[in-house]
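Task: produce atomic coordinates for the following.
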Amino acid sequence: MRYEEVSKDVYELLKEVVKEHFEDLTNVNFKCVFDTKKKIKGGRFIFAYIKKVNEFTSFLAGDEFDYVIVIDKNIWTAINKDDKVRIIRHELRHCFIDSEKDDPYKIIDHEIEDFYAEIALNVNDPKWGLRVAAIAESIYDKDSQEVEE
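The predicted structure follows:
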């Protein structure tokens, strides 16, 4: 099956990141899933993405979730904790809560190719994304070679 439940440690890390960086998301309910298939957009690996739960996904995932975070399992299992935090933190930057609306949960786009806050937080490792992309490429190149043999 392409999609899998994430391990408990993903939710624990998500909770840590919310507590440290996103107090406004404390009461938001997230569903996290692993995707075992490579996803590329615009020639770049997608490490993870976040979606607002809509009526259809609410029907599938249950009413208790506000957002779904989909994480590339192959990449996730190959990277260190710091990079996992960066990925989660980046995805959470897409969340916007407009408490005056009936449907308060929104997704916002990048300010630039990333978020200014993320660039500032990653000043000591500004090319972390390129490093993770190289890891992803080596994983998926290896997988495609195994299929060809």
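
Beta-bridge partners for the residue sitting nearest the centre point of the chain, please?
Residue closest to the average C-alpha location in the chain (CA atoms, centre = their mean): Ala48, at 3.5 Å. Residues in a beta bridge with Ala48, per DSSP bridges, are Ile71.

Is it in contact with Asn74, as I believe?
No. Taking contacts as CB atoms under 8 Å, Ala48 lies outside contact range of Asn74: 11.9 Å. For glycine as for every other residue, the C-beta is placed from the backbone atoms N, C-alpha and C.

Overlap in contacts, those two.
Common neighbours of Ala48 and Asn74, counting by CB atoms under 8 Å, 6 or more residues apart in numbering, are absent.

Counting neighbours, what do you get for the closest residue in space to Asn122 that isn't next to it in sequence?
Here the nearest residue to Asn122 in space, its sequence neighbours aside, is Trp128; by CB to CB, 6 or more residues apart in numbering that works out to 5.9 Å. Around Trp128 there are 17 other residues, counting by other CB atoms under 10 Å.

distance of Trp128 from Asp24?
Separation of Trp128 from Asp24 (CB to CB, to the nearest Å): 25 Å.

For this protein, which segments are assigned as strands?
Listed in chain order, the strands of the chain (DSSP state E) span 3-5, 30-35, 40-41, 44-45, 48-52, 67-72, 95-97, 105-107.

just for this protein, where's the confidence low?
Counting by pLDDT under 70, the low-confidence segments of the chain come to 61-62, 111-114, 142-149.

Now with 50, please.
Applying pLDDT under 50 to the chain flags the ranges 145-149.

show me the contacts for the residue lying closest to Met1 once chain neighbours are set aside.
Closest residue to Met1 apart from its sequence neighbours, by CB to CB, 6+ apart: Thr36 at 7.9 Å. With contact set as CB under 8 Å, 6+ apart, Thr36 has these partners: 1-4, 73-74.
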